[in-house]
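Asker: Below is the sequence, then the predicted model.
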Amino acid sequence: AMDSQIMSNVDKLGAPFHKVFTAEQAQAYKPRLAAFEFMLDNLGCGPEDILHVSSSFRYDLMSAHDMKIKHKAFVARGHEVPANAFYGYQQITDIGGLPALVGL
């Protein structure tokens, strides 16, 4: 998303975020790996350090797999064909399932 759009969407979620990155800042839209590289570089971490959460198989899970992100959650909201188990992810039906994935 563009910088001018994203913060109103983030505010609607009602949760604190450590960082918010936009495609405009990265100058790359997913599924381009440059978007993921921008995120990891700016967080100062490696792919083994994050949990990637997405409801998009094509635009997120496949790229996250290619980036060697080990911990992935697929939010199966029914708007995409179920993801392929080859890509190694945990499936949840909504973000309410995230605490259990991280042991909370």
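Answerer: Now that the structure is in, tell me what you want to look at.

Asker: which element is residue 98 on?
Answerer: Using DSSP states H and E, residue 98 sits in helix 98-101.

Asker: do the same with residue 11
Answerer: Using DSSP H and E, residue 11 sits in helix 3-13.

Asker: Show me what secondary structure element comes after that helix.
Answerer: Remark: after helix 3-13, the chain's next helix or strand is helix 23-26, criterion DSSP H and E.

Asker: buried ones in that following helix?
Answerer: Neighbour-count burial for helix 23-26, with 16 or more other C-beta atoms under 10 Å as criterion, is recorded at 23, 25, 26. Any C-beta I mention is one placed from the backbone N, CA and C, and that applies to glycine too.

Asker: pLDDT wise, what is residue 96 at?
Answerer: We have a pLDDT of 92 for residue 96.

Asker: and if you look at residue 85?
Answerer: Reading off the confidence values, residue 85 has pLDDT 85.

Asker: Same question for the one 3 residues further on.
Answerer: For residue 88, the model assigns a pLDDT of 91.

Asker: Roughly how far does it sit from residue 2?
Answerer: In this view, residue 88 and residue 2 are 32 Å apart by C-beta to C-beta, to the nearest Å.

Asker: Next: residue 76.
Answerer: Counting by C-beta to C-beta, the gap from residue 76 to residue 2 is 28 Å.

Asker: Okay, now the unreliable bits of the chain?
Answerer: By pLDDT under 70, the low-scoring segments of the chain are 82-83.

Asker: what do you get if the cut-off is 90, keeping everything else the same?
Answerer: Confidence mapping of the chain against pLDDT under 90 gives the ranges 1-5, 7, 13-17, 29-31, 55-59, 77-86.

Asker: OK, contacts around the residue nearest to residue 94 when sequence neighbours are not counted?
Answerer: Distances taken as C-beta to C-beta, 6 or more residues apart in numbering place residue 75 nearest to residue 94, at 6.4 Å, with adjacent residues excluded. Contacts for residue 75 (C-beta atoms under 8 Å, 6 or more residues apart in numbering) come out as 53, 54, 55, 92, 93, 94, 95, 97.
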